[in-house]
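[1] Pasted the sequence and its predicted model underneath.
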Amino acid sequence: MRKAMYLFLTLFLVVYGSENMGSKNTQNDKNTNLPNDIKSFIESREAFIKADEINSAKTMSEKESIEYSQKRDLKQKEIDKEFVALRKKYKENDFIMSVLSQYGCLLNDCSATSKGDGFVFYKGINIAEAINDSLMDNTTFTSYPFFKEILKRNPNILVKKENFSLVLSPSAKYSNYKKIDIVWSKDKTHIDFILYNQYFNENICSHTANFKRFKQERDGVKASYGYMQIPYTQNKEVDDFINKSCECIYVGGEEPYDEQRANELEKMAQGCDDISKMRLNLQRKYKDDINASLLRRGEQNYKEAFGE
């Protein structure tokens, strides 16, 4: 029995080792066909990541940790700078670009020429180029990998600047989003990727969506990201009221963490005492259309939030 088990384990290790060796040989064969600067970049990047994993696991003093973080940040910037430079150098070589697409920035949005709170900027390029740069960055605030699949299957989104809408099937690659709207502005100067997550419209106050916007400016493209309020109705009066009602629910449930936040919440709470009166006036004004239904949903949600 022991002998049989020994033979089985030996055979398994031989086969497993052969498969691994074959895989490594295949990878090595591919790498031998790459230009030296690409091979050097890949080796340098992988060596840094392995070393960082080892160093990050070490116990360090606070001073050592700060010094190491600073050195790591500088090295990441150096590697990312080379990554962007190689993409520019080989942008006409599909094979090299496919190899580089397997990697990505170590720091967010490394191909952007400047960054700010909620946006990055790509200098001297158009919207399509900015989106492609964002996708190649991989580690980014301005896109998701599945954008590439959607844009490849629907080229007219960028070529003819057509709007597009898609209900996303439940899948990890879609990051728990259930729908995406891709919408160009009327003047075609910016495009919005609007992503609705699984909680969208779960109640009257869950009407926000994640967005990524690429806007053409005179000297480049500004890519912004964050959350946007989706209108409930085209009736601005009703829409503004529901937004205010939801804001009052939010304010009523938050405890301020400092004096500044307390002042912000106090300002946001202005008008909350009049919500019931405002709703009654609107219900009298809009009795039999979609606005009446929205007002009823808002009233129910408000009462549930405050235990009425």
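    Perfect, I can see it now. The model shown is predicted, which means the values in this text are computed figures rather than measured ones.

[2] Near the residue nearest to residue 34 when sequence neighbours are not counted, how many other residues are there?
    Once flanking residues are discounted, residue 34 sits nearest to residue 99: 6.6 Å by Cβ to Cβ, 6 or more residues apart in numbering. Just so you know, the C-beta spots here come from the backbone N, C-alpha and C atoms, and that holds for glycine as well. The local packing of residue 99 (other Cβ atoms under 10 Å) involves 20 other residues.

[3] what's the helix or strand that contains residue 99 packed up against?
    Element membership for residue 99, per DSSP states H and E: helix 94-100. Packed against helix 94-100 by the contact rule (3 or more Cβ pairs under 8 Å, 6 or more residues apart in numbering; DSSP states H and E) you find helix 36-56, helix 62-89.

[4] Let me know the average pLDDT across that helix.
    Mean per-residue pLDDT for helix 94-100: 95.

[5] Pull the number of nearby residues for residue 265.
    Residue 265: 15 surrounding residues under other Cβ under 10 Å.

[6] actually residue 264, sorry about that
    14.

[7] give me the element it is part of.
    Here residue 264 sits within helix 259-268, counting by DSSP H and E.

[8] Not counting its own residues, what contacts that helix?
    Helix 259-268 has contacts (Cβ atoms under 8 Å, 6 or more residues apart in numbering) with 247, 250, 251, 254, 256.

[9] just to revisit the earlier point, any chance of TSV for the helices and strands packed on helix 94-100, columns mean neighbour count?
    Below are the helices and strands packed on helix 94-100 laid out as TSV (neighbours: other Cβ atoms under 10 Å):
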stretch	mean neighbour count
helix 36-56	13
helix 62-89	14
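
[10] returning to that earlier point: list the buried residues of the helix holding residue 99.
    For helix 94-100, a neighbour-count test (16 or more other Cβ atoms under 10 Å) marks 96, 99, 100 as buried.

[11] helix/strand/coil for residue 120?
    strand (DSSP: H, G, I helix; E, B strand; the rest coil).

[12] Would you mind listing the residues in contact with it?
    Contacts of residue 120 by Cβ under 8 Å, 6+ apart are 109, 112, 114, 141, 142, 222, 223.

[13] How about it, nearest residue that isn't a chain neighbour?
    Using Cβ to Cβ, 6+ apart, the closest residue to residue 120 is residue 112 (3.7 Å).

[14] you'd agree that neighbour is up against residue 122?
    Yes - applying Cβ atoms under 8 Å as the test, residue 112 and residue 122 come out as touching, 5.7 Å apart.

[15] Low-confidence ranges, the protein, go.
    Along the chain, segments meeting pLDDT under 70 span 1-32, 172, 307-308.

[16] Residue 108: what's it in contact with?
    Contacts of residue 108 (Cβ under 8 Å, 6+ apart): 115, 137, 139, 140, 141.

[17] Name the nearest residue to the last one, sequence neighbours excluded.
    Computed as Cβ to Cβ, 6+ apart, the closest residue to residue 141 that is not its neighbour in sequence is residue 225, at 5.0 Å.

[18] helices or strands next to the strand or helix carrying the one you found in the packing?
    Element membership for residue 225, per DSSP H and E: strand 220-229. Contact partners of strand 220-229 among helices and strands, from 3+ Cβ pairs under 8 Å, 6+ apart: strand 119-123, helix 127-137, strand 208-217.

[19] can we see that at 6 Å?
    strand 119-123, strand 208-217 (3 or more Cβ pairs under 6 Å, 6 or more residues apart in numbering; DSSP states H and E).

[20] Can you name the residues in contact with it?
    Residues outside strand 220-229 that contact it (Cβ atoms under 6 Å, 6 or more residues apart in numbering): 118-124, 127, 130, 141-142, 208-215.

[21] And stretch 122-138, by the same measure?
    The contact list for stretch 122-138, computed with Cβ under 6 Å, 6+ apart, reads 104-105, 109-113, 140, 142-143, 148, 158, 214, 216, 220-221.

[22] Now render the helices and strands packed on helix 94-100 as CSV, adding distance to residue 299.
    Formatted as CSV, the helices and strands packed on helix 94-100 follow (distance: least, Cβ to Cβ, whole Å):
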stretch, distance to residue 299
helix 36-56, 53
helix 62-89, 52
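
[23] With that, I have no additional questions.
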